[in-house]
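In: Provided below for reference: sequence and predicted model.
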Amino acid sequence: MGAAAALGSSALWALTSVLLASQAGRMRPLLMSAIRSLTASLILIGILIATRGLVQLREMTVLTGISMACSGIMGQALGDTLYINALGFLGVTRTFPITNSAYPFLTFLLAVLLLGEAVTWTLPIGGALIVAGITWIVLEQRRSAADDAVQVELLRGVAFALAAAACWATATIWLRGQQGDLDAIGAASLRIPAASAAVWMTIGLTSRNRGAEPLRPMTPRSIAIVALAGLLGTGLGSILFIYAVGAIGAAKTAFLTTSAPVFALPMGVLFLSEKITPRVLLGTVITIAGIWLVLL
């Protein structure tokens with residue numbers, strides 16, 4: 001069941017990425033994060049009340065509550081906002097392979113160092129393949145860039161993608177180590193609202209110093225699409241992800257969520273008219289092969 005939950009969250013996040021990428025030209029990343037996290041928070045709190053899960057919040061320790069909130073801020077508020085920035089620069093077909101290879105590798109390393117998970121002999125081989133796959137994808141993007149301006153966009157996109165992966169890895173380890181007796185819904189009901197509050201506070205502070213208008217006039221349709229992304233990926237996807245972390249561990253869950261490119265790449269082609277070059281496809285295959293070797 002844990003592996004199935006991880007794969008389910010992976011598919012939901014893939015669809016979420018396509019939805020967010022379709023609106024990247026209409027909303028700023030921080031505003032996207034705010035709308036989707038608020039939508040997810042309302043859904044999660046409603047589910048928590050409906051399932052009579054409030055009692056576990058009263059029984060948890062202060063450390064668990066603070067850790068869940070900080071984990072949510074690190075992963076959803078900071079990590080997801082960085083990820084949305086990367087989508088705007090690189091698109092789904094390149095952002096997904098980079099983040100979804102770097103994230104599980106970093107998570108595994110942190111799990112070994114901080115949680116004492118075992119190291120297998122396949123780790124160096126798998127790690128080398130992961131690095132090779134990421135490099136291949138980035139070099140393909142560089143090869144297709146025609147001028148210095150595009151090169152700057154590429155470097156920024158890669159930086160955002162890797163920073164997002166680091167935030168997600170840290171948040172996953174934090175979640176695994178300090179979840180205590182909270183179930184998946186209870187943990188998500190603390191993590192996502194905390195992340196939502198952080199994002200909205202940031203918007204309030206930054207809007208005083210500079211304009212925070214959308215890139216183009218927003219429409220009810222664009223707001224609805226981002227809200228749907230919050231419901232599916234940030235809401236339901238988070239519940240499945242937290243359940244998987246508790247059932248099979250942080251490292252295995254992180255590795256299984258790398259199946260997301262399998263869903264995201266064809267979605268990017270079908271709905272966003274993105275192109276999959278042979279190099280991008282090969283780089284994706286190499287990174288996934290490396291991740292599975294690390295998992296053995």
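Out: On my side now, so go ahead.
In: Quick check: mean pLDDT of the helix or strand hosting residue 57?
Out: Using DSSP states H and E, residue 57 maps to helix 54-59. Regarding helix 54-59, the rounded mean pLDDT is 86.
In: next helix or strand past it?
Out: Next along from helix 54-59, by DSSP H and E: helix 62-72.
In: And that next one, what does it pack against?
Out: helix 148-178, helix 184-206 (3 or more Cβ pairs under 8 Å, 6 or more residues apart in numbering; DSSP states H and E). (Each C-beta comes from the backbone N, C-alpha and C, glycine too.)
In: just so I know, which of these lies nearest residue 68?
Out: Comparing these against residue 68 with Cβ to Cβ, the closest turns out to be helix 184-206 (3.9 Å).
In: Show me how far that closest one is from its chain's centre.
Out: 15 Å (Cα atoms, centre = their mean, to the nearest Å).
In: Can I get it in PDB, CA atoms only?
Out: Taking C-alpha atoms only, helix 184-206 is exported to PDB below (Å, rounded to 0.1, in the frame of the first residue of the first chain):
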ATOM      1  CA  ALA A 184      -1.100  11.300   7.100                       C
ATOM      2  CA  ILE A 185      -4.100  13.500   7.300                       C
ATOM      3  CA  GLY A 186      -3.100  15.000  10.700                       C
ATOM      4  CA  ALA A 187       0.400  15.700   9.500                       C
ATOM      5  CA  ALA A 188      -0.800  17.200   6.200                       C
ATOM      6  CA  SER A 189      -3.300  19.400   8.100                       C
ATOM      7  CA  LEU A 190      -0.400  21.000  10.000                       C
ATOM      8  CA  ARG A 191       2.200  21.200   7.100                       C
ATOM      9  CA  ILE A 192       0.100  22.700   4.400                       C
ATOM     10  CA  PRO A 193      -1.700  25.500   6.400                       C
ATOM     11  CA  ALA A 194       1.600  26.500   7.900                       C
ATOM     12  CA  ALA A 195       3.100  26.700   4.300                       C
ATOM     13  CA  SER A 196       0.000  28.700   3.200                       C
ATOM     14  CA  ALA A 197       0.400  31.200   6.000                       C
ATOM     15  CA  ALA A 198       4.100  31.700   5.200                       C
ATOM     16  CA  VAL A 199       3.300  32.300   1.500                       C
ATOM     17  CA  TRP A 200       0.500  34.800   2.200                       C
ATOM     18  CA  MET A 201       2.700  36.600   4.700                       C
ATOM     19  CA  THR A 202       5.400  36.900   2.200                       C
ATOM     20  CA  ILE A 203       3.000  38.300  -0.400                       C
ATOM     21  CA  GLY A 204       1.800  40.900   2.100                       C
ATOM     22  CA  LEU A 205       5.300  42.000   3.000                       C
ATOM     23  CA  THR A 206       6.700  42.100  -0.600                       C
END
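In: need the helix or strand of this structure with the lowest average pLDDT.
Out: Lowest mean confidence among the helices and strands of the chain (mean pLDDT, DSSP states H and E): helix 260-272, at a mean of 66.
In: Next up, identify which helix or strand the nearest residue in space to residue 118 that is not next to it in sequence is on.
Out: Excluding the flanking residues, the one nearest residue 118 by Cβ to Cβ, 6 or more residues apart in numbering is residue 112, at 7.6 Å. Assigned by DSSP H and E, residue 112 belongs to helix 92-115.
In: average model confidence for that helix?
Out: 81.
In: other SSEs contacting it?
Out: Going by 3+ Cβ pairs under 8 Å, 6+ apart, helix 92-115 lies up against helix 2-22, helix 80-90, helix 123-144, helix 148-178, helix 250-256, helix 260-272, helix 278-295.
In: Tabulate those (TSV), appending distance to residue 224.
Out: TSV is the format used below for the helices and strands packed on helix 92-115 (distance: least, Cβ to Cβ, whole Å):
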stretch	distance to residue 224
helix 2-22	10
helix 80-90	17
helix 123-144	31
helix 148-178	25
helix 250-256	30
helix 260-272	16
helix 278-295	31
